[in-house]
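>>> With the sequence up front, the predicted model follows.
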Amino acid sequence: MAIQVRGLRKSYGDKVVLDGIDLDVPAGKVFALLGPNGAGKTTMVKILSTLIRADGGQARVAGHDVVREPDAVREAIGVTGQFSATDSLLTGEENLMLMADLNHLPRREGRRRAAELLRRFDLTDAASQYVMAYSGGMRRRLDLAMTLVGNPRIIFLDEPTAGLDPRSRRTMWQIIRELVAGGVTIFLTTQYLEEADQLADSVALLDHGRFVAMGTPKELKKLLPGGHIRLEFADLGQLEAAARTFASSNRDSDALALEIPSDGGVRSLRELLDKLDSASIDVAALSVHTPDLDDVFLALTGKASDK
């Protein structure tokens, strides 16, 4: 396991932030931690990256105890926080060289590593520009490039795409996928539920100091009822016929539509189409609706947004 946590506890005064957390994150996978604002996501990242100490419990990262072997943990990890850690008064290349120096790389190796990362993150043309002139997406790419200077096996990404436009966000997603394909483990916190759905092998929802749900995105979405197939019709007669055929459906007469409870699977869809064909009912439009991670998040935490 890349990360192992048992009974992790942390409080700030009377507020319990982590209340006996257990967690296993396999190597080479993406784990996404979701939760309302103040749920303890960033606190957990800080504990696992040795920035603060827990009040109780144990945590091992890359096989090392975060309290007894903090230096070994730091050598194995990289951390990209919510806010840019770049120096705006340095160029992109100078930021990377600074990080190479902090990682005690020889000067020649540092230059080679910086050039390689500038190419990888499509920043070569901007290498000599001051970071203050970079766009938000360029800064986030440089942030992650700096994290990779030391070739970490485990990377903590705390809100890595916060504030990015959709195109820049998808670019970051592709970079994360490439890192995982190369064997890197990603511990991700995010305010974008779609991001977790797209990237994560497993997801945990943290609320009031405890995990309220954990599993793959597909497993979490199955926790909620409410999936349905929506049928839309060209005239009232077809709607009436369909309503008689599907007695348990919900009817929207104004929209000439019918919503039929369904898990959205291939078998249930095939059965529905067979019934429509047997009853000679013509459908103008069909769409499948299943609960997404936003629905799961709202249902299990009672909050509208993560941060």
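Here it is on my side, so go on.
>>> Please make it C-alpha for all contacts and neighbour counts, starting now.
OK.
>>> Without its sequence neighbours, what residue ends up closest to V212?
Closest residue in space to V212, ignoring its immediate chain neighbours: L205 at 5.7 Å, by C-alpha to C-alpha, 6 or more residues apart in numbering.
>>> Check the secondary structure at the one you found for me.
Using DSSP: H, G, I helix; E, B strand; the rest coil, the structure places L205 in strand.
>>> from memory it sits against M214, does it?
Yes: using C-alpha atoms under 8 Å, L205 makes contact with M214 at a distance of 6.4 Å.
>>> the more surrounded of these two?
Ranked by neighbour count (other C-alpha atoms under 10 Å), L205 and M214 place L205 first, with 22 against 16.
>>> What residues are bridge-paired with that one?
Residues in a beta bridge with L205, per DSSP bridges, are L34, A213.
>>> show me the contacts for it.
By C-alpha atoms under 8 Å, 6 or more residues apart in numbering, the contact set of L205 is L33, L34, G35, F211, V212, A213, M214, F297, T301.
>>> any idea how far the residue lying closest to the third one once chain neighbours are set aside lies from M97?
Closest residue in space to G35, ignoring its immediate chain neighbours: L206 at 4.8 Å, by C-alpha to C-alpha, 6+ apart. Summarising the geometry, the distance separating L206 from M97, computed by C-alpha to C-alpha, to the nearest Å, is 37 Å.
>>> now the most centrally placed residue in the chain, nearest residue through space, not along the chain?
In the chain, the centroid-proximal residue (C-alpha atoms, centre = their mean) is A196; its distance is 2.9 Å. Of all residues not flanking A196 in the chain, A32 sits nearest, at 5.9 Å (C-alpha to C-alpha, 6+ apart).
>>> Compute the distance between the residue nearest to D197 when sequence neighbours are not counted and A299, please.
In space, and not counting its chain neighbours, D197 is closest to P217: 5.7 Å by C-alpha to C-alpha, 6+ apart. Per C-alpha to C-alpha, P217 is found 15 Å from A299.
>>> again, but for I176
Using C-alpha to C-alpha, we find I176 at a distance of 28 Å from A299.
>>> ok, these two, which is more surrounded?
I176 (20 against 13).
>>> quick one: the more buried one and T80, what's the gap?
I176 is 12 Å from T80, by C-alpha to C-alpha.
>>> Show me what the helix or strand harbouring R267 is in contact with.
Per DSSP states H and E, R267 falls inside helix 266-278. Helix 266-278 has contacts (C-alpha under 8 Å, 6+ apart) with A242, T245, S262, D282.
>>> number of nearby residues for the second one?
Meaning T245. 15.
>>> what does the third one give?
For S262, the tally of surrounding residues (other C-alpha under 10 Å) stands at 19.
>>> Tell me which other helices or strands the helix or strand containing V16 touches.
Take DSSP H and E as the rule and V16 turns out to sit in strand 15-25. Counting contacts by 3 or more C-alpha pairs under 8 Å, 6 or more residues apart in numbering; DSSP states H and E, strand 15-25 is packed against strand 3-12, strand 210-215.
>>> can I get those in JSON lines with distance to I155?
What follows is the helices and strands packed on strand 15-25, written out as JSON lines (distance: least, C-alpha to C-alpha, whole Å):
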{"stretch": "strand 3-12", "distance to I155": "11"}
{"stretch": "strand 210-215", "distance to I155": "20"}
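>>> Out of those strands, point me to the one whose mean pLDDT is lowest.
Here the helices and strands packed on strand 15-25 differ in mean pLDDT, and the lowest is strand 210-215 at a mean of 93.
>>> And the helices in the stretch 1-150 of the chain?
Using DSSP state H, counting those that start in this stretch, the helices of the stretch 1-150 of the chain run over 41-48, 70-76, 92-102, 107-120, 136-147.
>>> D24: which of these is closest?
In terms of C-alpha to C-alpha, the element of the helices of the stretch 1-150 of the chain nearest to D24 is helix 41-48, at 12.3 Å.
>>> CA atoms only: put that closest one into CSV for me.
The C-alpha trace of helix 41-48 is given here as CSV (Å, rounded to 0.1, in the frame of the first residue of the first chain):
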residue,chain,number,x,y,z
LYS,A,41,-9.5,17.2,3.7
THR,A,42,-6.6,19.7,3.8
THR,A,43,-5.8,18.6,7.4
MET,A,44,-5.4,15.0,6.3
VAL,A,45,-3.1,16.0,3.5
LYS,A,46,-1.0,18.1,5.9
ILE,A,47,-0.7,15.1,8.3
LEU,A,48,0.2,12.6,5.6
